[in-house]
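model this:
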Amino acid sequence: MTENSEIPPTSGDAVRVAFRQQRIDESIRMHSGLPAYDYADQFTIVTRPGTSATPEQWAYTALGEVAGTRGQFVWRFVLGLRLKRRSAAGQIAGWPIVHRGATWITLGARSWLLDGRLVLELTGETASVATFLGYRSGLGRRVWAAVSPGHRRFAPVLLTEAARILSARS
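I've put the predicted structure just below:
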């Protein structure tokens, strides 16, 4: 967490909601594998005690189950990302796995508009997802400017719903 982040208090069965952090955690920035980028954001949620899931399970739940076809439409058709078949090995929801560790996973895809990386990291009591983009053209910057408000509204929903689903499975 950063000094500018605020974690909403939660207790018992209170609804946990993901929030946007003001700064990207250094560990997440390193896991992106990108030396430079044009856009980055990070969303975090406090997880329920006892929720046990791997970074891959979090990513699959958020991107494959919660984002579903809506996410596929935006990623493949609006942003033009070259994603793999959803049933292919070495991917999550079509996003190729670039790097992984015990507590994090990095997914990456490219299009003629932009290069994208998603990093999902788990700590003892939080789950965070960060988006990193590098624009490949001025059109990429303009397309992301149109898409990004929806991204910033939907990203916390992805984490919040994934947390709810994974908590129910634990």
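
from what I can see residue 158 touches residue 127, true?
No - assessed by C-beta atoms under 8 Å, residue 158 is found out of contact with residue 127, at 10.5 Å. (Each C-beta comes from the backbone N, C-alpha and C, glycine too.)

Run through the chain and note the low-pLDDT ranges.
The chain contains residues with pLDDT under 70 at 1-16, 50.

can you map out the strands along it?
19-20, 39-46, 91-92, 95-100, 104-110, 114-122, 126-135 (DSSP state E).

Mind putting these into TSV with mean neighbour count and distance to residue 147?
Output for those, formatted as TSV (neighbours: other C-beta atoms under 10 Å; distance: least, C-beta to C-beta, whole Å):
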stretch	mean neighbour count	distance to residue 147
strand 19-20	15	16
strand 39-46	20	11
strand 91-92	20	20
strand 95-100	18	16
strand 104-110	22	14
strand 114-122	23	10
strand 126-135	22	10
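
out of the ones you listed, nearest to residue 148?
With C-beta to C-beta, the closest approach to residue 148 among the strands of the chain belongs to strand 39-46: 7.4 Å.

In contact with the residue nearest in space to the middle of the chain, which residues?
The chain has residue 129 as the residue nearest its centroid, 3.7 Å off, counting by C-alpha atoms, centre = their mean. Neighbour list for residue 129: 42-43, 62, 118-121, 155, 158-159 [criterion: C-beta atoms under 8 Å, 6 or more residues apart in numbering].

Can you identify each of the helices in this protein by residue range?
Secondary structure of the chain (DSSP state H): helices at 26-32, 55-59, 68-73, 138-169.

on contacts alone, who are the packing partners of the second one?
Put plainly, it is helix 55-59. Judged by 3 or more C-beta pairs under 8 Å, 6 or more residues apart in numbering; DSSP states H and E, helix 55-59 is in contact with strand 95-100, strand 104-110, strand 114-122, helix 138-169.

which stretch among those comes nearest residue 78?
Counting by C-beta to C-beta, residue 78 lies closest to helix 138-169 out of the helices and strands packed on helix 55-59; the figure is 6.1 Å.

ends of stretch 63-72, how far apart?
9 Å (C-alpha to C-alpha, to the nearest Å).

distance of residue 99 from residue 112?
In this structure, residue 99 and residue 112 are 24 Å apart, going by C-beta to C-beta, to the nearest Å.

cool, residue 127 as well?
32 Å.

same thing with residue 43?
27 Å.

quick revisit: out of the strands of the chain, nearest to residue 55?
strand 104-110 (4.0 Å).

Contacts for that closest one next, please.
With C-beta under 8 Å, 6+ apart as the criterion, strand 104-110 contacts 27-28, 31-33, 55-56, 59, 63, 75, 81-83, 91-92, 94-100, 115-122, 136.
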